[in-house]
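>>> Let me see the structure of the following:
(one chain, ligands or ions: 1)
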Amino acid sequence: MSYTSFDNIGLVKVLAFFQTHDSEYLSGQDLSDVLKISRVAVWKHIKKIQKLGYKIESKQKLGYRLISNTEKLLPWEITQNLKTKIIGKRVYYFEEIDSTQNFAQKIASDKKENGTIIIAQKQTSGRGRLDRKWTSPKGGIWCSLIIHPKFDVSSSTLVPIAAAVALSKSIERSLGIKTTVKWPNDITMNGKKVAGMLVDASFQAAMIEYMILGIGINFDIDTKKVEKKISNTPNFYGIDSLRKKRDKTPPKFLLKEFLVQFEKILSQLNKGEKSKIVKEWTKRAEGIGKKITINTSNGRISGISKGIDNEGALKLKTNKELMRIFVGDIVLN
Ligand code: BTN
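So this is what the prediction gives:
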């Protein structure tokens, strides 16, 4: 099943009425009168709303009352009061999909999709960096964001760095957890991975046609189950899940905060404020000034990490030289 932010108008109307009157019982007749739809239509919408995970209580003679909202990242939950101008204004939501990156690629060049987010509850062929598999069960936040940037190609390598800063900030704001950024695109908590990012892009000469930022957040997943599947993949260093048992923070709080923070940092990138972004990243980074080993396509290289430059390359001081590394994994630190 899939939903978008530009359909299901009737259902959204009924739901919005419940959400704005959540301490009252509403009768089918009242809803039908106010919303100017038949009682049968009201009833059908209520059934569907319940199926989507919203708890609606029904009491004889009194009517219906909304008890709690769903955890699903449904389009109208994302767009409601979203404080951005472009990012996240159009939403596609899939209960199951192969990969949100694949879907995004099909629509990304259309002008109206600038800022669009594609969200999945579950992915069957989730993709990680360097064509690795990304296990994406229910409970995570799996999404792809389409952007049509104004900046030129030379700034494009900073997009995942900017996104990592925005995500780390949003995790702190929504869940109160301090995380660390790990080059190139990981977010870690106590040395374990809690989120990863990748970018697919289409260039036309020196211009960027579009970029698709793929974000995978282990929000509330069964880490033991996932670890069993991925513990022998390259660059595995342990995973953790962000939301702990007693925490009831809904995932939409984190995702919406991320969309706001990402739009802010994108505007810095548009203004050419690269050093500001690198500084923010460095503040949250682990391992700078320490000895690290990196796996690259030319083998392993060890040296002292000197942080990143304005293009997002890792500066590594080896015995011989100061190297700039664009692609690789930190394997020892
Ligand atoms: C990494 O290797 O760390 C990057 C992982 C990115 C995973 C996300 S989940 C949503 C989007 N769709 C995909 O297939 N991959 C990205």
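>>> For Leu73, see how far away the residue in the stretch 101-250 of the chain positioned nearest to the ligand is.
Minimum separation of the stretch 101-250 of the chain from the ligand (Cβ to the nearest ligand atom) falls at Gly196, amounting to 2.1 Å. For the C-beta atoms, the positions are set from N, CA and C on the backbone; glycine is no exception. Separation of Gly196 from Leu73 (Cβ to Cβ, to the nearest Å): 18 Å.
>>> repeat for Gly88
Taking Cβ to Cβ as the measure, Gly88 falls 11 Å from Leu73.
>>> Equivalent analysis for Asn310, please.
34 Å.
>>> for Asn235, same thing?
Relative to Leu73, Asn235 is positioned 27 Å away (Cβ to Cβ).
>>> More neighbours: which of those two?
Using other Cβ atoms under 10 Å as the criterion, Asn235 and Leu73 rank with Leu73 on top: 23 against 17.
>>> Tell me the buried residues in stretch 325-333?
Within stretch 325-333, the residues that count as buried by 16 or more other Cβ atoms under 10 Å are 325, 328-330.
>>> give me the number of residues near Ala120?
Counted by other Cβ under 10 Å, the residues lying close to Ala120 total 26.
>>> got the contact list for it?
Ala120 makes contacts with 93-97, 100, 136, 142-143, as judged by Cβ atoms under 8 Å, 6 or more residues apart in numbering.
>>> hey, what's it bridged with?
Taking DSSP bridges as the rule, Ala120 bridges to Phe94, Trp142.
>>> Around the ligand, pick out the residues from the stretch 1-150 of the chain.
With Cβ under 6 Å from any ligand atom as the criterion, the stretch 1-150 of the chain comes near the ligand at residues 99-101, 123, 126-129, 132, 134, 136, 142-144.
>>> so what secondary structure elements neighbour the helix or strand where Ser58 lies?
Here Ser58 sits within strand 55-59, counting by DSSP states H and E. Judged by 3 or more Cβ pairs under 8 Å, 6 or more residues apart in numbering; DSSP states H and E, strand 55-59 is in contact with helix 39-51, strand 63-68.
>>> buried residues in the last one?
Just to be clear, that refers to strand 63-68. 63-66.
>>> pLDDT on stretch 238-257, on average?
Averaged across stretch 238-257, pLDDT comes to 95.
>>> mind checking the end-to-end distance for that stretch?
26 Å (Cα to Cα, to the nearest Å).
>>> do stretch 231-251 as well
End-to-end for stretch 231-251, by Cα to Cα: 26 Å.
>>> Which element, helix or strand, includes the residue positioned nearest the centre of the chain?
In the chain, the centroid-proximal residue (Cα atoms, centre = their mean) is Ile215; its distance is 4.4 Å. Using DSSP H and E, Ile215 falls within strand 207-217.
>>> can you check Phe262 too?
Element membership of Phe262 [criterion: DSSP H and E] is helix 251-270.
>>> quick check: angle from the very next helix or strand once past that helix to helix 251-270?
With elements assigned by DSSP H and E, the helix or strand that comes after helix 251-270 is helix 274-284. Here helix 274-284 runs at an angle of 140 degrees relative to helix 251-270 (axes from the mean of the first three to the mean of the last three Cα atoms, to 10 degrees).
>>> Can you name the next helix or strand after helix 274-284?
strand 291-296.
>>> per-residue confidence at Asn333?
On pLDDT, Asn333 comes in at 69.
>>> So the residue nearest to the centre of the chain is in contact with Ala163, correct?
Yes: Ile215 lies in contact with Ala163 (Cβ atoms under 8 Å); the separation is 7.0 Å.
>>> Which residues are in contact with each of those two?
The contact sets of Ile215 and Ala163 overlap at Met197 (Cβ under 8 Å, 6+ apart).
>>> What pairs with the lowest-mean-pLDDT helix or strand in the chain, parallel or antiparallel?
Counting by mean pLDDT, DSSP states H and E, the chain has its least confident helix or strand at strand 329-332, which shows a mean of 85. Sheet pairing of strand 329-332 (DSSP bridges) gives strand 291-296 (antiparallel).
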